[in-house]
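Asker: Sharing a sequence plus its predicted fold:
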Amino acid sequence: MTVFLDLDGTLTDPKPGITGSIAYAMDKLGLPCPPADELTWAIGPALVDTFTLLGAADPEQALAHYREVYTVTGLFENRVYDGIPEMLIALRDAGRIMHLATAKPHKYARRITAHFDLARFMTHEFGPELDGTRNNKGELLAHALDLTGDDPARCVMIGDRSHDFDAARSVGMASIAVTWGYGAPDEHDTATRICKTPGEVPGAVRDLIG
């Protein structure tokens with residue numbers, strides 16, 4: 001009975017750090033960038049895809065510029081959503097094994113979970129490599145299941161964006177959409193269940209996987 005948890009838009013609100021770092025990268029490339037409030041769609045998916053959609057001819061170069069500022073200050077321009085520590089405590093007390101499963105490179109994700117005291121809840125923290133290996137979240141979850149030996153029928157993926165739910169479906173796992181992140185309602189509709197507050201999550205997990 002295992003819970004996989006997304007990071008950005010699910011456990012923490014990373015908007016200032018991510019959007020500011022994107023703006024920095026676009027400026028370095030001499031390209032226009034939408035204001036922060038119009039960039040929330042970029043929170044969650046792989047950044048090389050984001051920079052491609054923003055018109056960067058070389059998204060890898062844009063990503064390198066992004067990391068110039070994100071790795072120094074951006075990753076901590078972030079906050080834990082209200083109710084998340086209590087949600088994680090309730091899941092732990094119910095005997096759930098918890099793993100992080102994020103589209104953010106695990107090198108950065110581990111710094112964030114340690115900084116905000118979330119790492120203590122996680123048995124494993126899965127994310128892509130810096131070179132983009134396992135940027136696809138379905139591949140990331142398949143890799144995680146191979147390493148842990150978990151039965152996907154006894155697991156649930158919790159996230160805020162459609163790629164979280166698509167990934168869960170691709171490996172035979174149930175999913176829970178959380179509405180306090182950056183996913184749109186039509187994205188939430190592709191999940192197995194929807195939760196509007198962190199307090200609803202432990203009960204939804206119980207309903208889905210016992």
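Answerer: Structure received.
Asker: Packing partners of the longest helix along the chain?
Answerer: Among the elements of the chain assigned as helix by DSSP state H, the one spanning the most residues is helix 15-28. Here helix 15-28 touches helix 47-53, helix 59-70, going by 3 or more C-beta pairs under 8 Å, 6 or more residues apart in numbering; DSSP states H and E. Any C-beta I mention is one placed from the backbone N, CA and C, and that applies to glycine too.
Asker: which residues in the protein form helices?
Answerer: 15-28, 47-53, 59-70, 84-93, 106-115, 137-148, 162-170, 185-188, 201-209.
Asker: tell me how far the shortest one is from the chain's mean position?
Answerer: This points to helix 185-188. Its chain's average C-alpha position is 16 Å from that of helix 185-188, according to C-alpha atoms, centre = their mean, to the nearest Å.
Asker: How about the second one?
Answerer: Taking C-alpha atoms, centre = their mean, the mean C-alpha location of helix 47-53 is offset from the chain mean by 16 Å.
Asker: Residues in contact with stretch 196-210: which ones?
Answerer: The contact list for stretch 196-210 (C-beta atoms under 8 Å, 6 or more residues apart in numbering) reads 1, 3, 81-84, 86-87, 90-91, 94, 96, 153-156, 158, 174, 176, 178-180, 192-193, 195.
Asker: re the thing from before, quick one: the longest helix of the chain to helix 59-70, angle?
Answerer: 130 degrees (axes from the mean of the first three to the mean of the last three C-alpha atoms, to 10 degrees).
Asker: Quick check: buried residues in helix 15-28?
Answerer: 15, 17-26 (16 or more other C-beta atoms under 10 Å).
Asker: where's the residue of the chain positioned farthest from its centre relative to Q61, distance?
Answerer: For the chain, the largest distance from the centre (C-alpha atoms, centre = their mean) belongs to G30, which lies 28.7 Å off. According to C-beta to C-beta, to the nearest Å, G30 and Q61 sit 12 Å apart.
Asker: ditto for E129
Answerer: Distance, E129 to Q61, using C-beta to C-beta: 18 Å.
Asker: Please say which of those two ends up with more neighbours.
Answerer: A side-by-side neighbour count of E129 and Q61, using other C-beta atoms under 10 Å, places Q61 first with 14 against 11.
Asker: from memory that one sits against L29, does it?
Answerer: Yes - under the criterion of C-beta atoms under 8 Å, Q61 makes contact with L29 at 7.2 Å.
Asker: Which neighbouring elements make contact with the helix or strand bottoming out on mean pLDDT in the chain?
Answerer: Each helix and strand of the chain was given a mean pLDDT (mean pLDDT, DSSP states H and E); the minimum falls on helix 47-53 at a mean of 93. Under the contact definition 3+ C-beta pairs under 8 Å, 6+ apart, helix 47-53 sits against helix 15-28, helix 59-70.
Asker: Adding mean pLDDT and distance to H115, write those out as a markdown table.
Answerer: Output for those, formatted as a markdown table (pLDDT from 0 to 100; distance: least, C-beta to C-beta, whole Å):
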| stretch | mean pLDDT | distance to H115 |
| --- | --- | --- |
| helix 15-28 | 96 | 12 |
| helix 59-70 | 95 | 14 |
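Asker: Just put these in CSV and tack on distance to A119.
Answerer: Below are the helices and strands packed on helix 47-53 laid out as CSV (distance: least, C-beta to C-beta, whole Å):
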stretch, distance to A119
helix 15-28, 18
helix 59-70, 19
